[in-house]
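A.B. asks: the following block contains a protein sequence and its predicted model.
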Protein chains: 4
Amino acid sequence: MSYQLPNYKHPNFDQEPFVSAPNAQIVEVKNAGSAPENYHALSIYPEYFKINGEWILASESRMDGVPVLRTDGRVQVVEFRNLNIGDKVITGRTEDGSEGIFVYASGFSSTDTHSELFSFRSGRSRETAFSKDYDELYELLKYEKDNGYIVWVLGPAVVFDYDSRTALSGLISNGFAHAILAGNAMATHDLEAAIFGTALGQNTYNQQSPPNAHYHHLDLINMARDAGSLEGLIEKENISEGIVYSAITNNIPLVLAGSIRDDGPLPSVIADVYKAQDEMRKHTRKATTLICLATQLHTIAAGNMTPAYIQHNGEIRPVFIYCIDIAEFAVNKLRDRGSLEVTTMVTNVQDFLVHLKNNLVK
Amino acid sequence: MSYQLPNYKHPNFDQEPFVSAPNAQIVEVKNAGSAPENYHALSIYPEYFKINGEWILASESRMDGVPVLRTDGRVQVVEFRNLNIGDKVITGRTEDGSEGIFVYASGFSSTDTHSELFSFRSGRSRETAFSKDYDELYELLKYEKDNGYIVWVLGPAVVFDYDSRTALSGLISNGFAHAILAGNAMATHDLEAAIFGTALGQNTYNQQSPPNAHYHHLDLINMARDAGSLEGLIEKENISEGIVYSAITNNIPLVLAGSIRDDGPLPSVIADVYKAQDEMRKHTRKATTLICLATQLHTIAAGNMTPAYIQHNGEIRPVFIYCIDIAEFAVNKLRDRGSLEVTTMVTNVQDFLVHLKNNLVK
Amino acid sequence: MSYQLPNYKHPNFDQEPFVSAPNAQIVEVKNAGSAPENYHALSIYPEYFKINGEWILASESRMDGVPVLRTDGRVQVVEFRNLNIGDKVITGRTEDGSEGIFVYASGFSSTDTHSELFSFRSGRSRETAFSKDYDELYELLKYEKDNGYIVWVLGPAVVFDYDSRTALSGLISNGFAHAILAGNAMATHDLEAAIFGTALGQNTYNQQSPPNAHYHHLDLINMARDAGSLEGLIEKENISEGIVYSAITNNIPLVLAGSIRDDGPLPSVIADVYKAQDEMRKHTRKATTLICLATQLHTIAAGNMTPAYIQHNGEIRPVFIYCIDIAEFAVNKLRDRGSLEVTTMVTNVQDFLVHLKNNLVK
Amino acid sequence: MSYQLPNYKHPNFDQEPFVSAPNAQIVEVKNAGSAPENYHALSIYPEYFKINGEWILASESRMDGVPVLRTDGRVQVVEFRNLNIGDKVITGRTEDGSEGIFVYASGFSSTDTHSELFSFRSGRSRETAFSKDYDELYELLKYEKDNGYIVWVLGPAVVFDYDSRTALSGLISNGFAHAILAGNAMATHDLEAAIFGTALGQNTYNQQSPPNAHYHHLDLINMARDAGSLEGLIEKENISEGIVYSAITNNIPLVLAGSIRDDGPLPSVIADVYKAQDEMRKHTRKATTLICLATQLHTIAAGNMTPAYIQHNGEIRPVFIYCIDIAEFAVNKLRDRGSLEVTTMVTNVQDFLVHLKNNLVK
């Protein structure tokens, strides 16, 4: 196999300051859903906690979660709202080991990356050269198809265009998706396109708005509610293509999180956003690659719960996060909120998806 | 009082085609939560339905709702998910009266608006002249303060800057808000600013990030969860300024809708998005002016449930909808989704709010 | 040949109001460079002027130019600054023939285009479905390659990325360009990439900034000035690929217009912007397709001087204008300034160019 | 006076490595307009060159200019195209003194600026808190009015709105401008507004397009060309307000640089862009504050020729550069091209100008 994951360089805890460092301090939760003072919160990076003299790596981490020591010795990362009375929370806000907490940001770094102090164009924008990012992503996805867990995060724009909707459906059918996180609108307009040929009333190919096409998405939702489930709708209406169809027929989990923008909603959309977060995190826990397309809401939600590494098949490997959006502001937002290891690409997701299909699906 | 609302010109139903038009057809709901085939859906405009020979105006309308005839003769506008078995839904998809349905888009139009066929700059963009829109909004808000119901829809950006947060707090305290619709982030960062001086870790005035300031919003949420309510937090922490403080102390309803992006959440955030929609609609039903600032999610959610008119004190008057965002794409989105009567302004909401405060609060 | 140009439906001047219309009025220029009062100015559409009882179509038209009757009976379209004393300028500002001036906007329209009054998403944005536009452009360019005159208008962003620069070079080498309009920056960074592998100091493939790479574009300009010409530079430095190389070796005219942003400039950049306009117009007069990529300055300059039709091989055919940019504001600007017939696509030009190459160059 | 400029901390050349550093190397120009190999190019920062054992500060510097030693001992900074045969160019591309060249980036830094390694929102965007930037700019301009040289760089958007055009005119009339750099469009639409009330055909207050208003800017240009000068036009047409009027009547230099987008042009627009650069640089040499509004072309042109410091009244003081635009991409562009010391504000310039007027003009 040609693709080579970067090696994880384990920290050497047999040396100072780790040897002399104290054990991490632990305080129990008194009120369900709130953490004790001076609680620690996780970053996206690997974090180790000294417990009984041993440095334990947090498992299935996520940003802004709280580390809880379980009786089996694991350090689990828990959202505030999921804290229970008696949970043993690790406290302390240093990162250098001096309180038994070590944040390790450079585990996958090679040593040859140094940069000029003075150089142009240090940010990433529409003018960044993306050829290499594309090439690396193609190779990565070929590898992940069989060896990883690819999670897609989709805004409705992916189904507004004929070619991009077809491309993404093809990627799903050909094994390049292991889970899909989206909302009511993506699924609605995808199914609208399957039945009516339109997305939000406009034909996905010829751009025309047939008479009363502004009813199409409402009709689709109504038909789905009538059918009682997406599976039922697909059968009843003989739907045979599209994102939702490809996901369901290939047994790819499809988490549809509700939002206040929703019409309907479709059956299977999760009304409680915190239950939706829990369902989403089931997949981001396993994610080895996360690809976020044209949605600030779902991208930041998923990004917040995806760490920069994962323990996978006994090895620690990086999690690759991609965020593709046409606005610099949107792609920067994830980084501004702490997801520092994201690869951002500034373009229309329609073109991005067609490129992927052209290079990955024969 | 100087401000003059436009008059509503009632349609003349004593003439054709209205006199000969048939009564609207009615079909009963068979499955709860889904409408009968050929159901009618509302637009933002006044719509009349011929019932037993009389033209009835839908009350408390909203876009994409379904008209239901109640036993008291009212036509109520109901979301699909709120349809009950036996509800009498009006069917038909014409707008000209021929099926007993009349959509009336020109009730507030004056007759002197004609436009050139060929003219530059017909869209609204950053280069549109906004002076008149500002002046009209100042006059409108002075009138609405005592005679209307002003609903604000707020993205978190309104609290990131010292002057704009102060300006909006002042507008609330001085009677220019009757309800506020927002999310967890706006309230979190507003309260973070009240206690720590930062919003998402950055000082709202001097732009600096104090040590460990990336903990501030988590700490704030944790403190609030500990206190059990926003009121409790305000009391416990002696908070004395800001958006949330001004709303609560002035008894301005504050609807906080949950989203999958939320940390925490704060107490009083509504986890179920469809319950949140119901709470939001309680205020958009009454809204005479809706001002949406720097949030696509909440703007489209609120915009979808706000009609272009309202029956207020026995009169039919327009509802004024404003959408202010720095991106043309964002302000156009509401219009693209059917809210055709919105006034859009393309600028940074910080400056917008300071202008309002300068012109409205002595 | 599969591609079919739309037919031009000539106006029928044998009927009213054309028969009774007066001849167009003519006033002579008194001050060189300024037009007589009430001068007519052209739009992008075909315009006919009644001269001695005959309706004459303006030849080689352009927006905002002034129609001048020549002694040979042609109506030539002249820029204000190029008006000479004694030029016979047609006056009048109506469009319906009543002053002997007829603006004909519907010559290429088919009759089956009618649209709904109420429909979503009427504008063009990042969410517009572009599949059909791509497909039509592929077919158009295959036709134009041998039968038309394709003019490219290029911003520097086309050379910042390896794949897009290669794609465009391939399109040029394979006959898909008949003229190129650009500025100093595009040419500088293209040649910088040819010699140093960087564009504005950043490697076009691996995104790295080698030491002192911020000197590269200055060095390139200095080398070119030393060589005295772009041809000389290519020979001296053995340049063998890129936009400039492909243009020069294939004898494609390359008009480089100067701007106040320029470093250098390179040899052959035109310092006088009005002389540059004259050179550009030599090609827009002949253009049958104009493709503008990622430059507001050159796009609006070229768009202003390109009409919606051309007399080509004895026939009147449409001129197809495309504007591709990642910002809605930028693509709308051309339309806002009178170029109503432009097809806009909102995406990163990198992806656009790679798509074109994939579909046009075997 | 309350306003306090930061002190310049002169480098101490009496210590190493400066004492042992060699003199800078000098090579004479052989071809006019091109520099010798290994020429040095300036940054925006103060740069010192060791000449005959003394460290000489470049005077009237600019980015990407070449340092030339004059016979009077001054090091002058010259554009490539202005190099003459025999000019003594300093060569070398190090910055630490080791070749007799010292780039000094920290002359105005205070020592208390340290920042967290991990913090949110490090970039500047629409969500940055701008209150402090506004406050500092107000104080700065009050000081500069009498003690500095304020140069404005204007895109046409500043005249499209009634309030902003009035605000800027008031700032000019009240002494807050010492020079104005703009293009044909700004001046054209400003004068169009003065005479017709429209800018590019649209009324600057009521947003309406009067009949044939798309002729207004052409008519204005034609009238100006007829009058022969802007002064002549103002007199002939009794213009009594606006940017151009305020500049001319207050003897504020107004440099209008031509571009290929120009209609007309107006009298006094400079057709040769490199002559225009020379005229612009006459003012950026003297600039103590540079404020760039809503124009990428003129902003980057002016930014490239404005250093971060100036010798003013015998002292070395900073030059303050502001760039205000509604697009993050636009404001970042200046920084990406080497103007690292710019203060960027992301908003609509209309609001920015009204704020300035409200705070500076009683």
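C.D. replies: It's in. Given the structure is predicted, the values throughout are model-derived calculations rather than measurements.
A.B. asks: so which strand or helix has the most far-flung residue of chain A relative to its centre?
C.D. replies: Distance from the centre of chain A peaks at A:Pro211, with 38.3 Å (CA atoms, centre = their mean). Under DSSP states H and E, no helix or strand contains A:Pro211.
A.B. asks: quick check, A:Gln277 in contact with A:Ala302.
C.D. replies: No: judged on CB atoms under 8 Å, A:Gln277 makes no contact with A:Ala302 at a distance of 9.5 Å. (Each C-beta comes from the backbone N, C-alpha and C, glycine too.)
A.B. asks: assign a three-state SS to A:Thr299, would you?
C.D. replies: The three-state label for A:Thr299, taken from DSSP: H, G, I helix; E, B strand; the rest coil, comes out as helix.
A.B. asks: okay, now A:Ala179: neighbour count?
C.D. replies: Using other CB atoms under 10 Å in any protein chain shown, A:Ala179 has 21 other residues around it.
A.B. asks: enumerate every residue touching the nearest residue to it once chain neighbours are set aside.
C.D. replies: Distances taken as CB to CB, 6 or more residues apart in numbering or on different chains place A:His283 nearest to A:Ala179, at 3.9 Å, with adjacent residues excluded. Residues in contact with A:His283 (CB atoms under 8 Å, 6 or more residues apart in numbering or on different chains) are A:Tyr149, A:Val151, A:His178, A:Ala179, A:Leu181, A:Pro253, A:Val255.
A.B. asks: which residues are in contact with the fourth one?
C.D. replies: I take that to be A:Ala179. Neighbouring residues of A:Ala179 by CB under 8 Å, 6+ apart: A:Tyr149, A:Ile150, A:Val151, A:Trp152, A:Ile252, A:Pro253, A:Leu254, A:Val255, A:His283, A:Lys286, A:Ala287.
A.B. asks: before we move on, what about A:His40?
C.D. replies: A:Ala24, A:Val66, A:Pro67, A:Val89, A:Ile90, A:Thr91, A:Gly92, A:Arg93, A:Ile101.
A.B. asks: pLDDT at it, what is it?
C.D. replies: You'll see A:His40 listed with a pLDDT of 98.
A.B. asks: run through the bridge partners of A:Ile26.
C.D. replies: A:Ile90 (DSSP bridges).
A.B. asks: anything in the worst-scoring helix or strand of chain A on mean pLDDT near chain C?
C.D. replies: One helix or strand of chain A scores below all others by mean pLDDT, DSSP states H and E: helix A:328-336, with a mean of 86. No: figure legend: helix A:328-336 not in contact with chain C (CB under 8 Å from any CB of the partner chain); closest approach 9.1 Å.
A.B. asks: show me what that helix is packed up against.
C.D. replies: If contacts are counted by 3 or more CB pairs under 8 Å, 6 or more residues apart in numbering or on different chains; DSSP states H and E, helix A:328-336 sits against helix A:296-304, strand A:320-325, strand A:342-346, helix D:328-336.
A.B. asks: let's have the ones you listed in a markdown table, adding mean neighbour count.
C.D. replies: Listed next are the helices and strands packed on helix A:328-336 as a markdown table, based on neighbours: other CB atoms under 10 Å in any protein chain shown:
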| stretch | mean neighbour count |
| --- | --- |
| helix A:296-304 | 25 |
| strand A:320-325 | 25 |
| strand A:342-346 | 22 |
| helix D:328-336 | 22 |
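A.B. asks: distance to A:Ser131 for those - can I get that in CSV?
C.D. replies: Putting the helices and strands packed on helix A:328-336 into CSV (distance: least, CB to CB, whole Å) gives the following:
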stretch, distance to A:Ser131
helix A:296-304, 23
strand A:320-325, 15
strand A:342-346, 11
helix D:328-336, 19
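A.B. asks: re the thing from before, out of the contacts of A:Ala179, which are buried?
C.D. replies: By neighbour count, with 16 or more other CB atoms under 10 Å in any protein chain shown, those hold A:Tyr149, A:Ile150, A:Val151, A:Trp152, A:Ile252, A:Leu254, A:Val255, A:His283, A:Lys286, A:Ala287 as buried.
A.B. asks: which ones among those residues map onto strands?
C.D. replies: Taking DSSP state E as the definition of strands, the buried ones among the contacts of A:Ala179 contribute A:Ile150, A:Val151, A:Trp152, A:Leu254, A:Val255.
A.B. asks: is the third one in a bridge, and if so with what?
C.D. replies: When bridges are called by DSSP bridges, A:Trp152 pairs up with A:Ile180, A:Ile291.
A.B. asks: on that earlier part again, so which of the contacts of A:His40 comes closest to D:Ala105?
C.D. replies: The closest of the contacts of A:His40 to D:Ala105 turns out to be A:Arg93 (CB to CB; 33.2 Å).
A.B. asks: do any residues in stretch A:209-218 lie close to chain B?
C.D. replies: Yes: on the criterion CB under 8 Å from any CB, stretch A:209-218 is in touch with chain B at A:Asn212, A:His214, A:Tyr215, A:Leu218.
A.B. asks: so is that stretch next to chain C?
C.D. replies: Yes: Stretch A:209-218 comes into contact with chain C (CB under 8 Å from any CB), by way of A:Ser209, A:Pro210, A:Pro211, A:Asn212, A:Ala213, A:His214.
A.B. asks: count of residues packed around the second one?
C.D. replies: In other words, A:Pro210. Burial of A:Pro210 is recorded as 16 neighbouring residues (other CB under 10 Å).
A.B. asks: can you check the fifth one too?
C.D. replies: Around A:Ala213 there are 23 other residues, counting by other CB under 10 Å.
A.B. asks: show the pLDDT at it.
C.D. replies: 96.
A.B. asks: surely it is in contact with A:Ile195?
C.D. replies: No: at 11.9 Å, A:Ala213 does not count as touching A:Ile195 under the criterion of CB under 8 Å.
A.B. asks: let me have the residues of stretch A:209-218 next to chain B in CSV, extended by distance to C:Asn38.
C.D. replies: Formatted as CSV, those follow (distance: CB to CB, whole Å):
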residue, distance to C:Asn38
A:Asn212, 48
A:His214, 46
A:Tyr215, 51
A:Leu218, 54
